[in-house]
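A.B. asks: okay, predicted coordinates and the sequence, questions at the end:
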Amino acid sequence: MSRAVAAARLLAERHRERAEPRPEASLLNYAERPRAGDWSLRSALVRLAQPEPVRAAAVLELVRRCDGALHPFGRALERATVTCDRALLLDALAAGGGDDAPPPPAEPYPDTRMADLARLVRDTDTAGAADEIVTSYVDATDGDVAVGDEELEALPLLAVALELDSLAEALTAWADRGPRDPPLDVVDTTCRHVNARLDQLGVPHETGPPGPRGQSRG
C-alpha cells in the first residue's frame, strides 16, 4: 500500500466522528479569522494598502473571487464537520498512531473534512498521488458519512483557500510586527498562483464595484 493510500484511509478513519461546527475557526473564514495580535487578513490588507495599494487591491480581489465561488458550497461542507488538523502532513499521518489507528491531530480544531483532505493533497508531490488520495479517501467512507458531490466540487476551491490562508499568516505576522518590510515576495507569488488557479477553475473576475464588506481588527 502506498503512503498516499495509507494516509487517505487513516484520515477517513479519523473523520468518522463528527464535530460541532465552529464557523469562525473554519478555513472558509480564512479572511476574517483573527490571528497574530488579533489581525485578520482583511485588516492586514488595510495596513498593506498604505504603502502598496495595488498589491492590497489585487489580494482583495482574489479573496472575493474565492469566497464567491465557495459560498454555494457552505452548507454542504458544514454538514460534514469533523476534528481537523491545521498542521496535517502526509508522512506523519501515514505513520499511523499504532494498531492501524490514525495518530491524534497535532493542531485540532473543528472544520469541514474537505479542509483536511485539501491539506493532504497539498502535501503530495505528484498529481497521480493527489488523485490516489482523493479516490482512497472517498472509497474509505460509506453510509451516512459518504462524501457528496458538492464536497468534491468544492475541494479545489478549498485548496485555493489554503494558499490564501498561508498568505494571511504571513501578512498578519507582518502587521503585528509593524509597518516596515511587508512580505511582498509572498504576496506576489501567492497572487500569481491563486489567480492562475482560479482562472483554471473558471471562477469569474469581478465585473463591477465591490459591495460593502466588513473589516475585522481585534
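C.D. replies: That came in fine, so what should we check first? Just so you know, these numbers come straight off a predicted model, no measurement behind them.
A.B. asks: tell me what the host helix or strand of A170 is packed against?
C.D. replies: Here A170 sits within helix 149-177, counting by DSSP states H and E. Here helix 149-177 touches helix 41-49, helix 53-70, helix 74-79, helix 113-122, helix 127-139, helix 184-200, going by 3 or more CB pairs under 8 Å, 6 or more residues apart in numbering; DSSP states H and E. The way it works is simple: take the backbone N, C-alpha and C, and place the C-beta from them, glycine included.
A.B. asks: which residues touch the third one?
C.D. replies: Which is helix 74-79. By CB atoms under 8 Å, 6 or more residues apart in numbering, the residues outside helix 74-79 that reach it are 21, 23, 26, 28, 112, 114, 148, 150-151, 154, 158.
A.B. asks: any idea of the mean pLDDT in that helix?
C.D. replies: Averaging pLDDT along helix 74-79 yields 96.
A.B. asks: now it - C-alpha only, CSV.
C.D. replies: The C-alpha trace of helix 74-79 is given here as CSV (Å, rounded to 0.1, in the frame of the first residue of the first chain):
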residue,chain,number,x,y,z
GLY,A,74,-21.0,26.4,2.5
ARG,A,75,-23.9,24.3,3.9
ALA,A,76,-22.8,21.1,2.3
LEU,A,77,-19.3,21.5,3.7
GLU,A,78,-20.5,22.4,7.2
ARG,A,79,-22.7,19.3,7.3
